[in-house]
Structures are given as structure tokens and as C-alpha cells.
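*Asks:* Kindly return the folded structure for what I paste below:
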Amino acid sequence: MTDAGSPSLDDGGERYLDLIARCLTREIFLDQEWWDADLRQWPGDADELRTQLRALGWRAVRRGDPAARAEGRDWPPTAETMVGTERLDNVAGLCRRAIEEGVAGDFIETGVWRGGVTILMRAVLAAYGIGDRRVWVADSFEGLPVPDPAYPADEGLDWSHVELLKVDADTVRANFERYGLWDEQVCLLEGWFADTLDDAPIDRLAVLRLDGDLFGSTMDALEALYPKMSPGGFVIVDDYGGWESCRAAVDDYRSAHGIDAPIQRVDWTGVWWQVPA
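*Replies:* Presented below is the predicted three-dimensional model:
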């Protein structure tokens, strides 16, 4: 609950954010395709990929399955995000809490695909009329990296050749522009996390969302960015339940740094915790 001096949204702002979210997921006009069309881009054995996807919790979706889209268990052909409704609502809710509770700092997602989550982060700032926070959009814009042998948890997870996951920076920028949300408050960090995040000109973070899938990518982001988290800020992990490699990195980092803030579940894969104040 906020006090009388805290920022809040009127009904128009609430409706705006709800509409943006439902457009980003395509919930209000479900894609009339299914993932087999996208699997034609897979240079290897498509059946092998289906097996891997199902093991991670995804399932094939024919002619717009609302339940799968809401849960983020499909690969939507045109939506700006794979994230389902619950995880997207979680992002908006925690960004709003950061604003309303006065948590200092910017918002960032590490691993953005087509940019949908970061578009929603920028929409939250727009809804509140906030001009002194930025949204950082961190990605290789070349898909997933080749797994580093130094991280055994990533063994067998070489998705570096999956073309569907390779979305270039110009496409992400155009997606922001489609929603009228591309401006100086949006900052692209282009490159592998190990090369970009340590030196990124970020002072403080209020919301950190991790969507790097692999152990190495997740650990690189945590090591570079968690020390910049403000007290009371929020850490969101997209792949904690769905990717054992990601979960291992998060658990290892939390253990090594004595982080015992309770992990809160969002859905079948997403989780979050609040940095102690």
C-alpha cells in the first residue's frame, strides 16, 4: 500500500498497461500458427528439438492455444515475447512496486529476444510519467552462445544455431517503435554478457530480470549486476524452474553471497525475490 505522496496509476494507466501486455503476448489476437513452422529453421533433427522443448516444459501449440500462451509454453510466431501472461504481469507488478515504494534505480533484462519484456518495462515508466529512470536492454542479439566448457551444467545445451532465437538489435528497436516507446530512456547493451555487463554505465538497479537460460549467461549477469541492486529492489529469474542450468547458477550465486531472501514462485518456471532493505 502506498501513502498519499506515493505515485500511483488511475484507471486509464491500468488499462494502458493491461492492453500493452496483452498485445505483447498476442493474447488478444492469438497467432494462428504453431511452432512446426518455426522448426523448419532448425538445421538439425527437429524431433530432437521437440524432445528437448518438452523436457523443459514447452508443448506444441496448434492454432493459438490460450492456455499455452498464458503460461509461456510455446514459441509464438509474431509476439514480442515468449513470456506468458503470469510472468509478464509479474514484471509489471514488480516494476510498479519499485516505483511506488521509492526503490532507486533503473530496470534491466538480460536476454530480451524480441524485446517484449523491456517494452513493458518502458511502458510502466510511461504510465507513471517517469523520465529519470532508464530501461537497459541487454542481449547478444545473436542468439544463445556456445556453451562454455568451464560450466558443466551447460553441457548438451548448445542452442547457438537456433535461428529463431537470433533477433537483431534493429528488430528490437523497431518493436519498441511500434508501441511508441523508443526514446532516450531505452539503452541497448549489445554483445555477450561477459563482454558488456561489467562495464555498463549503470549506477543502480531497482529491477533485474534474468533470461539467459544457461549457467554461464546467468552467472555473468548476476556477478556484474547484483552488486548494483538497490535495497528493496527485485530480482526476477525467467528460467529457474525450466532450466536446471539456470537454477544451478542462481543457487550457487545466492549460496556464495549469503543471499537468503525467500524465492517466490511466479509460475512453472519464473521466480523472484526482493533484495533486503
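
*Asks:* When you work out contacts or count neighbours from here on, use the C-alpha atoms and nothing else.
*Replies:* OK.

*Asks:* continuing past the longest strand anywhere in the chain, what's the next helix or strand?
*Replies:* As assigned by DSSP state E, the longest strand anywhere in the chain is strand 229-237. Counting by DSSP states H and E, the next helix or strand C-terminal to strand 229-237 is helix 244-256.

*Asks:* what about A261, is that helix, strand or coil?
*Replies:* Under DSSP: H, G, I helix; E, B strand; the rest coil, the three-state class of A261 is coil.

*Asks:* Please verify my assumption that it contacts W273.
*Replies:* Yes: the criterion here is CA atoms under 8 Å, and A261 meets it with W273 at 6.3 Å.

*Asks:* And the longest strand of the chain, how far out from the chain middle?
*Replies:* Chain-centre distance of strand 229-237: 14 Å, with CA atoms, centre = their mean, to the nearest Å.

*Asks:* Report the inter-axis angle for that strand versus helix 244-256.
*Replies:* Counting by axes from the mean of the first three to the mean of the last three CA atoms, to 10 degrees, strand 229-237 lies at 150 degrees to helix 244-256.

*Asks:* Which strands or helices does strand 229-237 pack on?
*Replies:* Here strand 229-237 touches helix 85-100, strand 205-210, strand 271-274, going by 3 or more CA pairs under 8 Å, 6 or more residues apart in numbering; DSSP states H and E.

*Asks:* quick one: buried residues of the shortest one?
*Replies:* The one in question is strand 271-274. Using 16 or more other CA atoms under 10 Å as the test for burial, strand 271-274 gives 271-274.

*Asks:* What strands flank that strand, and is each parallel or antiparallel?
*Replies:* strand 229-237 (antiparallel), strand 264-265 (antiparallel) (DSSP bridges).

*Asks:* Serialize these to TSV and add fields for distance to Y151 and mean pLDDT.
*Replies:* Formatted as TSV, the strands paired with strand 271-274 follow (distance: least, CA to CA, whole Å; pLDDT from 0 to 100):
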stretch	distance to Y151	mean pLDDT
strand 229-237	19	98
strand 264-265	26	98
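
*Asks:* sec struct for L181, please.
*Replies:* coil.

*Asks:* how about the helices in this protein?
*Replies:* Remark: helices assigned in the chain by DSSP state H are 11-24, 35-39, 46-55, 66-71, 85-100, 116-128, 169-178, 193-196, 215-225, 244-256.

*Asks:* Mind listing what's buried along the first one?
*Replies:* Taking 16+ other CA under 10 Å as the basis for neighbour counts, the residues of helix 11-24 that come out buried are 13, 17, 20-24.

*Asks:* Dump that helix to PDB, restricted to CA.
*Replies:* Only the C-alpha atoms of helix 11-24 are listed here, as PDB (Å, rounded to 0.1, in the frame of the first residue of the first chain):
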ATOM      1  CA  ASP A  11      -7.900   3.700 -14.300                       C
ATOM      2  CA  GLY A  12      -6.500   4.900 -17.600                       C
ATOM      3  CA  GLY A  13      -3.000   3.900 -16.700                       C
ATOM      4  CA  GLU A  14      -4.100   0.500 -15.500                       C
ATOM      5  CA  ARG A  15      -6.000  -0.100 -18.800                       C
ATOM      6  CA  TYR A  16      -3.000   1.100 -20.800                       C
ATOM      7  CA  LEU A  17      -0.600  -1.400 -19.200                       C
ATOM      8  CA  ASP A  18      -3.000  -4.200 -19.500                       C
ATOM      9  CA  LEU A  19      -3.500  -3.500 -23.200                       C
ATOM     10  CA  ILE A  20       0.200  -3.300 -23.800                       C
ATOM     11  CA  ALA A  21       0.800  -6.700 -22.000                       C
ATOM     12  CA  ARG A  22      -2.000  -8.400 -23.900                       C
ATOM     13  CA  CYS A  23      -0.600  -7.100 -27.200                       C
ATOM     14  CA  LEU A  24       2.900  -8.200 -26.400                       C
END
